[in-house]
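Colleague: Let's see this in three dimensions:
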Amino acid sequence: LVAGARAVLATGRDLADREALPFLERFYAAGGAARPAQAFRAAVARSVAAGDPAWRAFRLWSAE
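Modeller: Next up, the predicted model:
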């Protein structure tokens with residue numbers, strides 16, 4: 001963020017690629033590149049609805 005990134009999406013723990021992929025697909029499908037904070041909220045909601053607990057590993061730091 002200090003270097004000018006609009007947002008940083010990262011995990012707070014190790015997560016296998018196959019566990020992370022569904023959340024990342026939801027995030028980018030919801031417009032993650034253009035609206036990261038809104039996309040993060042949408043991806044979390046969709047993950048909860050799908051019963052996918054991997055969303056708990058993700059954190060978003062955003063200048064929005």
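Colleague: From now on I want contacts and neighbour counts done on CA atoms only, so please keep to that.
Modeller: OK.
Colleague: How about the contacts made by Ala7?
Modeller: With contact set as C-alpha atoms under 8 Å, 6 or more residues apart in numbering, Ala7 has these partners: Leu1, Pro36, Leu60, Trp61, Ser62, Ala63, Glu64.
Colleague: and which of those residues is nearest Val44?
Modeller: Nearest to Val44 among the contacts of Ala7: Leu60, at 11.2 Å, using C-alpha to C-alpha.
Colleague: Quick check: that closest one is in a strand.
Modeller: Yes - when DSSP: H, G, I helix; E, B strand; the rest coil is applied, Leu60 is found to be in a strand.
Colleague: List the residues that contact the closest residue to it other than its chain neighbours.
Modeller: Spatial nearest neighbour of Leu60, chain neighbours left out: Leu9 (4.6 Å); criterion: C-alpha to C-alpha, 6 or more residues apart in numbering. With contact set as C-alpha under 8 Å, 6+ apart, Leu9 has these partners: Phe58, Arg59, Leu60, Trp61.
Colleague: And the helix ranked longest in the chain, what does it pack against?
Modeller: Counting residues, the longest helix in the chain under DSSP state H turns out to be helix 36-50. Counting by 3 or more C-alpha pairs under 8 Å, 6 or more residues apart in numbering; DSSP states H and E, the packing neighbours recorded for helix 36-50 are helix 17-29, strand 58-62.
Colleague: again, only using 6 Å
Modeller: Helix 36-50 is packed against helix 17-29, with contacts defined by 3 or more C-alpha pairs under 6 Å, 6 or more residues apart in numbering; DSSP states H and E.
Colleague: angle of the helix it packs on against strand 58-62?
Modeller: 40 degrees (axes from the mean of the first three to the mean of the last three C-alpha atoms, to 10 degrees).
Colleague: what about this protein, any weak spots by pLDDT?
Modeller: Within the chain, the stretches with pLDDT under 70 are 64.
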